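**Q** Take this sequence and fold it.
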Amino acid sequence: MSPTAMTSSDTTPVTPEESADPAGLPALPADLRILHVLTGTVGVVEEVAALAVARHLQAGYKVAVASDRRTFSALDLPVDDPRLVHLDIDVKTGPRPGDPGRAYALHRYYRHIDVVHAHGLHASAIAGLAMTGLPESLRPALVATVGRFQPRSPFAAADARVVARTAAVVLGTTEPVVEHFAEDVPVVSRARLLNPDVRTVYEPVRSRAQIREALGVRAGTFVVAVPLELVDHPALTTALEAAVRLSEHRPDRRWATVFTGAGRLRSVIASEFVPRREDIILADVVATVDVVAGSDIVVAGDRMSAIGPEGVMQLARPAIHLGAPRGARAWGDSAVHVDTDDTDGLLAAIAHLSDSPAARGASAIAAKRRVIDISGHGYLAGELLDVYAADALPNRR
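**A** Numbers count the residues shown, from 1 in each chain. Okay, here's the model as predicted:
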């Protein structure tokens, strides 16, 4: 996508108010084709938006920015640049009573736009709602950059449904975000970032040797960490059955299965399993990160304590996901997936990883890349233009 194909030689400044049509609807310059929707400038998604706008202007494109005035000022762009148009639309990071009005404000501009790039989940949802009522021929292609969010939140889930229905492209800041939209959006890929989208940095307090010493694990023991919630659910039952059978399944190795989760069944494990089994250990919940970091394999699931999937991935541990197929999406190819009640499958997965240092290494590297992946300034801005031309426009919805 070249600037000459998107813009004309006319560089006369045009504001939306000056170019309003006779019906009173605001218009944009006929050769302005890219609209960015921003909620701020602070954060891994927002800093990429600020860079993209600046670099696209430098490359000769006419660009519109929809945001509140404070956000626009913080971008520190040349406001007298005739290729830059600001649309004063106060889109926020979360639901607000005025959101229908904000979506309608965007809607009125869309007939002049080829590509709308919304930065953030809620901004993307508002940009998607703005498609409502537009004939297909007048709808721009929506590119949504979406950062980490909690799918269980009703507000985030509602925003995600709108994005899944309206976006041509979703750029997810982590692989779990990518997996969430993979089945519903025509093009879904990893967003290029300047800094990784990591909210909590998980780091062990103790070294691997210190962790194992604290657990009372002898040298040469293969440690399996199980940070599942210790409540009555099928995955915990399967994990306990596997822990009991593991030494018989593979008697050629010395094993230690370490449970770290919180829940009312801690006392049951402490009284019924730990006294009878040297290979089953119950560690403090506060030691979860240390235990996971010091383990050889992690058995993770859809219900965990003190750490989530992205925490395990940050620590670069080879993992087995024990749970439902939907929960497996967060792990992608970085983990072995085992159905919730498949004890034999879990034992086989543990044995396979224990026998293959290469498989453990590949799993650990793939896991960390799912949550930490960044790019350089110049490459990032240029790649976005390729996304607009090659992915977004052919798949506009």
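**Q** domain assignment for the chain?
**A** For the chain, automatic domain parsing gives the domain ranges 3-198+374-395, 208-371.
**Q** Tell me the pLDDT of residue 131.
**A** The pLDDT attached to residue 131 in the predicted structure is 94.
**Q** Secondary structure class of it, three-state.
**A** coil (DSSP: H, G, I helix; E, B strand; the rest coil).
**Q** and stretch 388-397, how far from the chain's centre?
**A** How far stretch 388-397 lies from its chain's middle: 21 Å, per C-alpha atoms, centre = their mean, to the nearest Å.
**Q** Mind listing what's buried along that stretch?
**A** Within stretch 388-397, the residues scored as buried using 16 or more other C-beta atoms under 10 Å are 388-389, 391-393, 395-396. Quick note: C-beta positions are derived from backbone N, CA and C, even for glycine.
**Q** If you average pLDDT over each of the domains of the chain, which is lowest?
**A** Among those, domain 3-198+374-395 carries the lowest mean pLDDT, a mean of 82.
**Q** Could I get the full set of strands for the stretch 51-200 of the chain?
**A** Ranges of strands within the stretch 51-200 of the chain are 63-67, 84-88, 115-119, 141-146, 169-172, 187-190, based on DSSP state E, counting those that start in this stretch.
**Q** Take those and write them to a markdown table, including mean neighbour count.
**A** Formatted as a markdown table, those follow (neighbours: other C-beta atoms under 10 Å):
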| stretch | mean neighbour count |
| --- | --- |
| strand 63-67 | 25 |
| strand 84-88 | 19 |
| strand 115-119 | 29 |
| strand 141-146 | 28 |
| strand 169-172 | 26 |
| strand 187-190 | 18 |
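**Q** In CSV: those strands, plus distance to residue 51.
**A** Rendered in CSV, the data for the strands of the stretch 51-200 of the chain read as follows (distance: least, C-beta to C-beta, whole Å):
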stretch, distance to residue 51
strand 63-67, 12
strand 84-88, 15
strand 115-119, 11
strand 141-146, 12
strand 169-172, 14
strand 187-190, 17
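**Q** residues near residue 101, how many?
**A** By other C-beta atoms under 10 Å, 11 other residues sit near residue 101.
**Q** cool, the one 5 residues further on as well?
**A** For residue 106, the neighbour count with other C-beta under 10 Å is 25.
**Q** pLDDT score assigned to residue 372?
**A** The model's pLDDT for residue 372 equals 66.
**Q** so what's the backbone phi/psi at residue 284?
**A** Residue 284 adopts backbone torsions of phi -60, psi 150, taken as degrees, to the nearest 10.
**Q** Could you measure from it over to residue 211?
**A** 12 Å (C-beta to C-beta, to the nearest Å).
**Q** Please say which of those two ends up with more neighbours.
**A** Neighbours were counted for residue 284 and for residue 211 using other C-beta under 10 Å; residue 211 has more, 24 against 13.
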